[in-house]
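> build me a structure from this.
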Amino acid sequence: MDPSDRPRRSVLDAPTLVLNRSWVPIHVTIVRRAVGMICRGIASVVDPGSLSLQDFDAWASLRGEPGRHSIRTATRWLPVPEIVQLAQYDRVPSFEAPFTRASLFRRDDHRCQYCGTRPPHSQLTIDHVVPRSRGGRTSWDNCVVACVRCNARKGDRLPGTAGLRLMRNPRAPRWTPHLHVRAADWPGSWNQFLGDRHGQGFATGT
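Model (predicted):
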């Protein structure tokens, strides 16, 4: 299929970062739902430059430029709300991810942590850096994604003994356990709020 023939994602399905009243990121929704929250007064739009808050009337008075960063209405273009702040929510969620096979593959970006390749999913395995036979735990800081070839080469040994080297030391990621948005897909305006989580992904929710 020609790339130009693929259906394009509506701007209303693009991600919007949601902050609580203390300016802490709590989850990600889609533009469609963010607009609904703005209309109902549940959230305000955050101007990424000045960090000023805009209620529905202030946001609706703005004019966006035609393109992927704007929403088309019956009479005008409105700028996409990339960040919103909730009016009545202070709770901060836990950013500790549950240890699961899917979460581990997501943390390592479905890439072998020894050779750096990204083979088909069927050719990826979970490797215990310190083998279980040597007391290694099944945990975030001792498990990595490895291709079948590297896992077989390593066997029941430490990486250095097998002539292998980890791309990076494994550690627990920080995200909430929902669907996720890769850091590569974040709007640039999010970086000032998600700086220490850059490269690890962030949760999405509704």
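> so where does the closest residue to residue 121 other than its chain neighbours fall, helix or strand?
Residue nearest to residue 121 in three dimensions, not counting chain neighbours: residue 110, with 6.8 Å by Cβ to Cβ, 6 or more residues apart in numbering. Using the backbone N, CA and C atoms, a C-beta is placed for each residue, glycine as well. Assigned by DSSP states H and E, residue 110 falls within no helix or strand.
> tell me which residues touch residue 110, please.
For residue 110, the contact set (Cβ atoms under 8 Å, 6 or more residues apart in numbering) comprises 118, 121, 124, 145.
> state the distance from it to residue 69.
Between residue 110 and residue 69 the computed distance is 29 Å (Cβ to Cβ, to the nearest Å).
> and the longest helix along the chain, C-alpha only, in PDB?
Using DSSP state H, we find that the single longest helix of the chain is helix 31-39. Taking C-alpha atoms only, helix 31-39 is exported to PDB below (Å, rounded to 0.1, in the frame of the first residue of the first chain):
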ATOM      1  CA  VAL A  31      -8.200  16.200  21.700                       C
ATOM      2  CA  ARG A  32     -11.900  15.300  21.200                       C
ATOM      3  CA  ARG A  33     -12.400  14.600  24.900                       C
ATOM      4  CA  ALA A  34     -10.200  17.500  25.900                       C
ATOM      5  CA  VAL A  35     -12.500  19.900  23.900                       C
ATOM      6  CA  GLY A  36     -15.500  18.400  25.700                       C
ATOM      7  CA  MET A  37     -13.800  19.000  29.100                       C
ATOM      8  CA  ILE A  38     -13.100  22.600  28.100                       C
ATOM      9  CA  CYS A  39     -16.700  23.200  26.900                       C
END
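> what does it rub up against?
Residues outside helix 31-39 that contact it (Cβ under 8 Å, 6+ apart) are 11-16, 18, 29, 43-45, 55-56, 59, 71, 80-81, 84, 86, 206.
> again, only this time at 10 Å
With Cβ atoms under 10 Å, 6 or more residues apart in numbering as the test, helix 31-39 has contacts from 10-18, 28-29, 42-45, 54-56, 58-60, 71, 78, 80-84, 86-87, 205-206.
> show me what counts as buried in stretch 33-52.
Residues of stretch 33-52 classed as buried: 33, 34, 35, 37, 38, 43, 44, 45, 46, 47, 48 (neighbour count, 16 or more other Cβ atoms under 10 Å).
> start to end distance for it?
21 Å (Cα to Cα, to the nearest Å).
> over to stretch 89-100?
Using Cα to Cα, one end of stretch 89-100 lies 29 Å from the other.
> closest to residue 160 out of the buried residues of stretch 33-52?
Within the buried residues of stretch 33-52, distances to residue 160 taken as Cβ to Cβ reach their minimum at residue 48, with 45.3 Å.
> gap between that closest one and residue 97?
Taking Cβ to Cβ, one finds residue 48 at 27 Å from residue 97.
> repeat that for residue 21.
Residue 21 sits 25 Å away from residue 97, going by Cβ to Cβ.
> just to revisit the earlier point, could you find the lowest-pLDDT member of the contacts of residue 110?
On pLDDT alone, residue 121 ranks lowest of the contacts of residue 110, at 92.
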